[in-house]
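Chemist: My questions are about this predicted structure, shown below with the sequence.
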Amino acid sequence: MVRDYYAFQRARLSNSLGELEQGAAELGQAKEIQDKEECKQAVRKAEAKMEKAATEAVRIEPHLAYLWYEAGASELDNSIRDAWQKRLAVVGVQQEHKEHFDFRKLPDTFRFVPDAARVADLPRLSFLLHIPFRLQKPYLSKDERDFYLLDSPLRREKVFQAPMVASTGWKGALRAALWQLGHREDNDVILRLFGNPRSSEEGQAGRLHFYPTFFDKISLEVINPHDRETGVGERGPIPMECVPQGSVGELVLLYVPFGPMEQSEAERRAEVAQDIEVLAEGIQAMLTTYGFGAKTSSGFGTAEDSLAGKGTLALRAELPGLATSIKTSSTQAQPAPNLPRYLESPTRLRGDFRRPDGSLKSEAEYEAFVRSRSGQYGKKDKQLYDKAKKWWEREGRQLAEAGTQEPTPEPDSPQTPPVTPREFDSLSTLHDVAKDVATQLRNGGGV
């Protein structure tokens, strides 16, 4: 099947490669013209023809076009590579798709990452950690592709081709950072966070669950390895795909404190307190010191201490001195199957769209609500709000004035712990927040 695919692509490339080869022949003839002015014009015309043909070939299949000429030891492979690099600098990540979709929205669109409010559905003392970081140095990785223009392609999501850090990549990078900090494999905290090795007979799973991170930019980084004795480059500059410096990504981790049934509540709180301190220390070290991805020993794959937005630690517990809490989706009545998504009953708006007095929120209020739940206010959210607004203007306001709306449901029993959020704007602050939360848990908080 792979052979048939590339045979089909080679047939599509035939016209473009033919034009490129014809342009190269015309360039050789132009350089032999004696008249300087006529020579310059002919050279520019031939080079423009070659550039146009190479650009068209790159649009169809750059890797096949490049390897076709490289296998034949033809210098035309440089024309393909140059056109590919120019397109990469302008396009970034498949512009034909990016015009309609921001790749960083993949986790929200496909529900890869849970909403912070969903932590209320998990066992007590579970937490979700959301960290929007900004790269201080480019991020490199290695994708398992044999047929590619470069030797070191960036790892991408298979369908949308968005550059990514896989969940397994995060797990390995964090584990390596903790190892550097002195937390060895047999450490109790490491076993709780990451679980036992697959070869272990115990088969204990880790309490941490990692989610992938997606970026929306691709660039090229050039390295030039030198011989240690002579100081001369061994094989010349090597271009490598990377996510450029300054790009923003989101690290999301979920922690669920399962353990022995006979474990006391005090012991569980003590373990969670220890885990959260070690985790914050490891994340800070991983992002700012040791890095993630490939070539971290050369300084690649590190992030700034200050975050690109507000980070959130959403803990399913009620801690002393913290009155704020995330309103959980479990406390809101869900719409009946035959009702529109913006209604929870035939005469009542859903809680997402409703003010305390039962009236419709403004669009700004609804947008703020969506963003407060770690979401992005997109086209679908706006369309849903517009439908709710039309219903309100058509019949909802009259129902409210007539007093036919249903009474507001009573809040959940205080025995159910809320989701307590703690925000931070830097990795250093995360370390302080983790210590504060751990101290409160050890002192009996989170009950």
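Modeler: Sure, I can see it. Residues are numbered from 1 along each chain as shown.
Chemist: any residues touching the host helix or strand of Y366, and which ones?
Modeler: Here Y366 is covered by helix 363-372, with elements defined by DSSP states H and E. Applying CB atoms under 8 Å, 6 or more residues apart in numbering, the external contacts of helix 363-372 come out as I326, D352, F353, R355, K361, Q376, Y377, D381, K382, Y385, K389. Yep, even glycine has a C-beta here, placed from its N, CA and C like the rest.
Chemist: Pull the CA coordinates from it and hand them back as PDB.
Modeler: Taking Å, rounded to 0.1, in the frame of the first residue of the first chain, the C-alpha atoms of helix 363-372 are listed here in PDB:
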ATOM      1  CA  GLU A 363     -22.600  37.200  25.800                       C
ATOM      2  CA  ALA A 364     -19.600  38.600  27.700                       C
ATOM      3  CA  GLU A 365     -20.700  36.900  30.900                       C
ATOM      4  CA  TYR A 366     -21.200  33.600  29.100                       C
ATOM      5  CA  GLU A 367     -17.800  33.900  27.400                       C
ATOM      6  CA  ALA A 368     -16.100  34.600  30.800                       C
ATOM      7  CA  PHE A 369     -17.900  31.500  32.200                       C
ATOM      8  CA  VAL A 370     -16.600  29.300  29.400                       C
ATOM      9  CA  ARG A 371     -13.000  30.600  29.800                       C
ATOM     10  CA  SER A 372     -13.100  30.100  33.500                       C
END
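Chemist: Following element in sequence after it, please.
Modeler: Next helix or strand after helix 363-372 toward the C-terminus (DSSP H and E): helix 379-391.
Chemist: Which elements pack onto that following helix?
Modeler: helix 363-372 (3 or more CB pairs under 8 Å, 6 or more residues apart in numbering; DSSP states H and E).
Chemist: ok so, going back, how about the helix holding Y366: buried residues?
Modeler: Y366, E367, F369, V370 (16 or more other CB atoms under 10 Å).
Chemist: what about P225, neighbour count?
Modeler: 11 (other CB atoms under 10 Å).
Chemist: isn't it right up against M240?
Modeler: No: judged on CB atoms under 8 Å, P225 makes no contact with M240 at a distance of 11.7 Å.
Chemist: can you give me the helices in the chain?
Modeler: Using DSSP state H, the helices assigned to the chain run over residues 2-30, 36-60, 62-71, 76-91, 95-98, 106-109, 167-180, 188-194, 265-285, 363-372, 379-391, 397-402, 427-442.
Chemist: List of residues touching the last one?
Modeler: So that's helix 427-442. 125, 131, 133, 269-270, 272-274, 276-277, 279-281, 283-284, 287-288, 303, 305, 307, 311, 313, 315, 317, 319-321, 422, 424, 446.
Chemist: any idea what sits nearest L208, other than its immediate chain neighbours?
Modeler: Take L208 and drop its neighbours on the chain: the residue closest to it by CB to CB, 6 or more residues apart in numbering is L193, 4.9 Å away.
Chemist: Kindly report the same for T288.
Modeler: Excluding its sequence neighbours, the residue lying closest to T288 (CB to CB, 6+ apart) is D305, at 5.6 Å.
Chemist: Identify the residues contacting the one you found.
Modeler: Taking CB under 8 Å, 6+ apart, we find D305 in contact with Q284, T288, S426, L427, S428.
Chemist: Would you mind giving me the PyMOL syntax to select the buried ones in the residues you listed?
Modeler: Remark: buried members of the contacts of D305, expressed as a PyMOL selection using 16+ other CB under 10 Å:
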select buried, resi 284+288+427
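Chemist: what's the model's confidence in stretch 311-318, averaged?
Modeler: Stretch 311-318 shows an average pLDDT of 88 in the prediction.
Chemist: Below-threshold pLDDT in this structure: ranges please.
Modeler: Within the chain, the ranges that satisfy pLDDT under 70 run 1, 89-111, 144, 146, 151, 231-236, 320-338, 372-375, 403-417, 445-447.
Chemist: Got the domain ranges for it?
Modeler: Annotated domains of the chain cover 2-91, 103-322+423-442, 334-402 [automatic domain parsing].
Chemist: mind checking the longest strand of the protein?
Modeler: Counting residues, the longest strand found in the chain (DSSP state E) is strand 306-316.
Chemist: tell me what that strand is packed against?
Modeler: strand 127-134, strand 419-426, helix 427-442.
Chemist: Apply 6 Å and report the result again.
Modeler: strand 127-134, strand 419-426 (3 or more CB pairs under 6 Å, 6 or more residues apart in numbering; DSSP states H and E).
Chemist: Please produce CSV containing the ones you listed, extended by distance to E51.
Modeler: CSV is the format used below for these (distance: least, CB to CB, whole Å):
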stretch, distance to E51
strand 127-134, 35
strand 419-426, 46
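Chemist: Buried ones in stretch 56-66, by neighbour count?
Modeler: Within stretch 56-66, judged by 16+ other CB under 10 Å, the buried ones are E56, A57, V58, E61, P62, H63, L64, A65, Y66.
Chemist: nope, stretch 18-30 is what I was after
Modeler: In stretch 18-30, counting by 16+ other CB under 10 Å, buried: E19, L20, G23, A24, E26, L27, A30.
Chemist: Which residues outside that stretch are in contact with it?
Modeler: Contacts to stretch 18-30, defined as CB atoms under 6 Å, 6 or more residues apart in numbering, come from residues A42, V43, A46, K49, M50, A53, A54.
Chemist: so what's the first one up against?
Modeler: Contact analysis of A42 by CB under 6 Å, 6+ apart lists A30, I33.
Chemist: try the fifth one
Modeler: Taking CB under 6 Å, 6+ apart as the contact definition, M50 lies against L20, G23, S79.
Chemist: thinking again about what came up before, just name the closest of the buried residues of helix 363-372 to G396, please.
Modeler: Y366 (14.4 Å; CB to CB).
Chemist: Surely I190 and H183 touch.
Modeler: Yes: in this structure, I190 is within contact of H183 by CB atoms under 6 Å, at 5.3 Å.
Chemist: which one among the buried residues of stretch 56-66 gets closest to E38?
Modeler: E56 (27.5 Å).
Chemist: residues in contact with the closest residue to the closest one other than its chain neighbours?
Modeler: Spatial nearest neighbour of E56, chain neighbours left out: S16 (4.4 Å); criterion: CB to CB, 6+ apart. Residues near S16 by CB under 6 Å, 6+ apart: A53, E56, A57.
Chemist: if we can go back for a sec, kindly supply the ChimeraX command isolating those of the contacts of helix 427-442 that are buried.
Modeler: Of the contacts of helix 427-442, the buried ones go into a single ChimeraX selection, burial set by 16+ other CB under 10 Å:
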select :125,131,133,269,272,273,274,276,277,279,280,281,283,284,287,288,303,305,307,311,313,315,317,319,422,424,446
